[in-house]
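A.B. asks: using only what follows, build the 3D model:
(2 chains, ligands or ions: 2)
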Amino acid sequence: MQQWYPDFFDRFGTLTVFDLLEDYLASGRIKVDKTAHPQRALYHDPCNYGRKSRELFGRGYFDQPRRVMDQCLAEWTDSQPSRGNQYCCGGGGGTLLTPFKAPRIHYGRRKIDQIKQARAELVVVPCHSCHGQIKALLAAYEVKGVEVKYLWEVVADALIVES
Amino acid sequence: MATNPPVNEDPVKTAAPRRPGNQAPEMCLACGTCAAGCPLTGQDGFDPRKIVRLVLLEREQELIASDLPWLCTLCGKCEYACPMGINIVNIVRTLRGRVARDKVPGMIHKGVALCRQTGNNLGLPAEDFEFIITDVAEELAAEEEFADFKIAFDKPEANLLHTLHNKLVNTQNEDLVHWWKIFHVAGEDFTIPRENWEGVNWGLFSGDDEAMQLSVGRIVTHMEQLEIQNLMYPE
Ligand code: SF4
Ligand code: SF4
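C.D. replies: Numbering: from 1, shown residues only, chains lettered A, B, ... in the order given. Ligands and ions are numbered 1, 2, ... in the order given. The predicted structure is shown next:
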């Protein structure tokens, strides 16, 4: 965007999913109830929002999603390692669109280790590729009883809706 | 339609964009930090340290002809730890860009080509898209809490442009509603494009900069014409 439309940012605003969720929560436009998620949850940093955003835009989205997690989940934990040193799920870079499934599942064994180590019952991700890949990993490694949700799904499911 | 990457005489080691610190790949220490952190090292002979070596030796053809560039997830864990700031991810992406387009594995290039023609990676006509979206929206509106929920396509002067991941439109319709629920409760004035709604730029994966520029340009034009104020970065 910067490269091709350098004046885009002067003419339009841009909002990331994290900006939106945090803004709605902070301004009180939405209210959430963390008892909606009693499970023990784990947050996974997608490469593109964490490490790679930090590299390309000088800003990694590490803290914002964690603040959203704090508000929507009763109990959640970080993985080891996390943030900049987080392991990729193995589904990034378009690998989900290639026929190389065996290497992709092998790649993700580290993610499965992290999920088991955290004794997580719910893995929260703000990325479509991670979501698909982690679900595929749980099935391939026959890990039972672990749910995968999008960060915005967690927010939507914790919404207090006045009808 | 460009089917093959333009012939580029520069070796990958000079053509691959550098990282912000502008360090040359020649500065690689062959320390192996990258290889130690990469979960793929050892799989089918994959090793980021060796990829950097081969590129420095201008033996990139061996890599371009192999599956290795497509096994890497471009995750950047190697680079993040590299003491010399070597541009490993862009080296891999540049290698991908040098692969003949009909040799790009899986759906990536097919999606890029479809998006060029139709504005989305699925090649879905606008009427079908509108039907799917309206159908899911009506289902949501059937729930008491979301009773007056509606989707506005191409709404002029909307506050927020919402693009969609093709997988939600294709097979995972049930995941469309999470953001809609949030928008509804927050009273967000959002709109979805009837055409060019694709939120995922597969040109990023195939190493196709021209395709990426086309997709970004369509979004910009759309926002200009409708005077939409904010772009929600694709999920
Ligand atoms: S970590 Fe950096 S310096 Fe070390 S081998 Fe890898 S690319 Fe070279
Ligand atoms: S970007 Fe590629 S080479 Fe580097 S750690 Fe990730 S998968 Fe390995």
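A.B. asks: do you know how far the residue positioned nearest the centre of chain B is from residue B:211?
C.D. replies: Nearest to the mean C-alpha position of chain B, by CA atoms, centre = their mean, lies residue B:201 at 3.6 Å. Per CB to CB, to the nearest Å, residue B:201 is found 8 Å from residue B:211. Heads up, the C-betas are built off the backbone N, CA and C, glycines and all.
A.B. asks: now do the contacts for the residue nearest to the centre of chain B.
C.D. replies: Contacts for residue B:201 (CB atoms under 8 Å, 6 or more residues apart in numbering or on different chains) come out as B:211-212, B:215-216, B:234.
A.B. asks: redo that, cut-off 10 Å
C.D. replies: By CB atoms under 10 Å, 6 or more residues apart in numbering or on different chains, the contact set of residue B:201 is B:111-112, B:115, B:121, B:208, B:211-216, B:219, B:234.
A.B. asks: common neighbours of residue B:201 and residue B:211, please.
C.D. replies: Common neighbours of residue B:201 and residue B:211 (criterion: CB under 10 Å, 6+ apart): B:111-112, B:115.
A.B. asks: so, in contact with ligand 2 or not, stretch A:56-64?
C.D. replies: No. Using CB under 6 Å from any ligand atom, stretch A:56-64 never reaches ligand 2; the gap is at least 13.8 Å.
A.B. asks: hang on, the earlier thing: helix, strand or coil for the residue nearest to the centre of chain B?
C.D. replies: Of the three states, residue B:201 takes coil under DSSP: H, G, I helix; E, B strand; the rest coil.
A.B. asks: and it, what pLDDT?
C.D. replies: pLDDT recorded at residue B:201 is 80.
A.B. asks: return the distance of it relative to chain A.
C.D. replies: 10 Å (CB to the nearest CB, to the nearest Å).
A.B. asks: could you list the domains of chain B?
C.D. replies: The record's domain parsing of chain B by automatic domain parsing lists B:12-103, B:119-232.
A.B. asks: how about these, which one is nearest ligand 2?
C.D. replies: domain B:12-103 (3.1 Å; CB to the nearest ligand atom).
A.B. asks: gap between the two ends of the closest one?
C.D. replies: 19 Å (CA to CA, to the nearest Å).
A.B. asks: neighbour-wise, give me the winner out of the contacts of residue B:201.
C.D. replies: Among the contacts of residue B:201, residue B:121 has the most neighbours (other CB atoms under 10 Å in any protein chain shown), with 27 neighbours.
A.B. asks: surely it meets residue B:200?
C.D. replies: Yes. Counting by CB atoms under 10 Å, residue B:121 touches residue B:200, with 6.4 Å between them.
A.B. asks: shared neighbours of these two, anything?
C.D. replies: Common contacts of residue B:121 and residue B:200, defined by CB under 10 Å, 6+ apart, comprise B:111, B:115, B:165-167, B:215.
A.B. asks: now the two most distant members of these.
C.D. replies: Spanning the widest gap among these are B:167 and B:215, at 16.6 Å by CB to CB.
A.B. asks: what is the burial count for residue B:73?
C.D. replies: Counted with other CB under 10 Å, the burial measure for residue B:73 works out to 28 neighbours.
A.B. asks: excluding sequence neighbours, find me the nearest residue to it.
C.D. replies: Spatial nearest neighbour of residue B:73, excluding adjacent residues (CB to CB, 6 or more residues apart in numbering or on different chains): residue A:92 at 3.6 Å.
A.B. asks: how about the contacts made by residue B:158?
C.D. replies: Residue B:158 makes contact with B:152, B:188-192, B:223, B:226-230, according to CB under 10 Å, 6+ apart.
A.B. asks: wait, is it part of a helix?
C.D. replies: No. Assignment of residue B:158 by three-state DSSP gives coil, placing it outside any helix.
A.B. asks: how near is it to chain A?
C.D. replies: For residue B:158 relative to chain A (CB to the nearest CB), the value is 12 Å.
A.B. asks: can you tell me the SS state at the residue nearest to that residue when sequence neighbours are not counted?
C.D. replies: In space, residue B:158 comes closest to residue B:191 once its chain neighbours are excluded; the distance is 3.9 Å by CB to CB, 6+ apart. At residue B:191 the chain is in strand, as set by three-state DSSP.
A.B. asks: again with residue B:120
C.D. replies: Secondary structure, three-state DSSP: residue B:120 is coil.
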